[in-house]
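A predicted structure for the sequence below; I have some questions about it.
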Amino acid sequence: MQVVQFISIALYSLIALWYAAPLLQKLSRADALATLLWVHVFRYVVFYIFAARREGYLISDPATLELVVGDLAGAVIALAAVALLRWRPRLGLVFSWLVVLETAGDLFGAIYYRRIEPPRPEAIGPWWFVYAFFGPLILVSTALLVWQLIARRHESLAGRQEHVLRPTDLNPPV
């Protein structure tokens, strides 16, 4: 499982470097942040942990609670940030940082429970896909979010530019 997660992180990082980063630079700051935040809105996929437990995935009640509360909080804050970036951009910026902080806290909570609990078997069924592909996507999108928040901190949030995505935007520079 850890090998698959590492490969997913490496591949998502290449996609981010070669495709997402150049496209994000063409968007307004608010649109770039919203694009990255939408990935976090889907963290409600964590509800599948209950089905995974019924299917035999061994995880304690406290670890399950930490996982569910952490991911749902991240999803709600991300959705609020997206909405606020449209209507109250400065507050949307604050909520974008809250998503970063919440995600870091969620990650450290998950690491903590992994260390104090007895080893559990590998994830199975659809829960395997969440661990192998969605978790790494959250990590890489969070790194991109931090990059956009820091690198573009001097840009205006209010000045929204419309950008029509063209097929040439998807091709890397030669």
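Received the coordinates, thanks.

make it CA atoms for all contacts and neighbour counts henceforth
Fine.

buried residues of stretch 94-107, list them for me.
For stretch 94-107, burial by neighbour count (16 or more other C-alpha atoms under 10 Å) applies to 95-100, 102-103, 106-107.

run through who's touching it.
Here stretch 94-107 makes contact (C-alpha atoms under 8 Å, 6 or more residues apart in numbering) with 33, 37, 66-67, 70-71, 73-74, 77-78, 80-81, 142, 145-146, 149.

next, Arg153: phi, psi?
Backbone torsions for Arg153, taken as degrees, to the nearest 10, come to phi -60, psi -20.

number the chain from 20, please
Yes, from this point I'll number from 20; that puts the last item at Arg172.

Three-state assignment for the spatially most central residue of the chain, please.
Taking C-alpha atoms, centre = their mean, the centroid of the chain lies closest to Ile157, which sits 2.8 Å from it. When classified by DSSP: H, G, I helix; E, B strand; the rest coil, Ile157 comes out as helix.

contacts only, for it.
Contact partners of Ile157, counting by C-alpha under 8 Å, 6+ apart, are 58-59.

tabulate the buried residues of stretch 113-126 (CSV), appending distance to Gln21 and pLDDT.
Below are these laid out as CSV (distance: C-alpha to C-alpha, whole Å; pLDDT from 0 to 100):
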residue, distance to Gln21, pLDDT
Phe114, 31, 98
Ser115, 28, 98
Trp116, 28, 98
Leu117, 28, 98
Val118, 25, 98
Val119, 23, 98
Glu121, 23, 97
Thr122, 19, 97
Asp125, 18, 93
Leu126, 15, 93
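
break down the chain into its helices, ranges please.
With DSSP state H as the criterion, the chain has helices at 21-34, 40-45, 48-60, 67-73, 80-106, 108-135, 144-148, 154-170.

weakest of those helices by average pLDDT?
Lowest mean pLDDT within the helices of the chain: helix 144-148, a mean of 86.

quick check: Gln24 vs Ala35, distance?
For Gln24, the distance to Ala35 (C-alpha to C-alpha, to the nearest Å) stands at 16 Å.

Ile96 now?
For Ile96, the distance to Ala35 - C-alpha to C-alpha - is 23 Å.

out of those two, which sits in the busier spot?
Ile96 (23 against 18; other C-alpha atoms under 10 Å).

ok, now which ones touch the more buried one?
Applying C-alpha under 8 Å, 6+ apart to Ile96 gives the contacts 114-115, 117-118.

any chance of the helices of the chain in TSV, with distance to Leu176 too?
Shown next, in TSV, are the helices of the chain (distance: least, C-alpha to C-alpha, whole Å):
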stretch	distance to Leu176
helix 21-34	25
helix 40-45	14
helix 48-60	5
helix 67-73	36
helix 80-106	8
helix 108-135	6
helix 144-148	35
helix 154-170	11
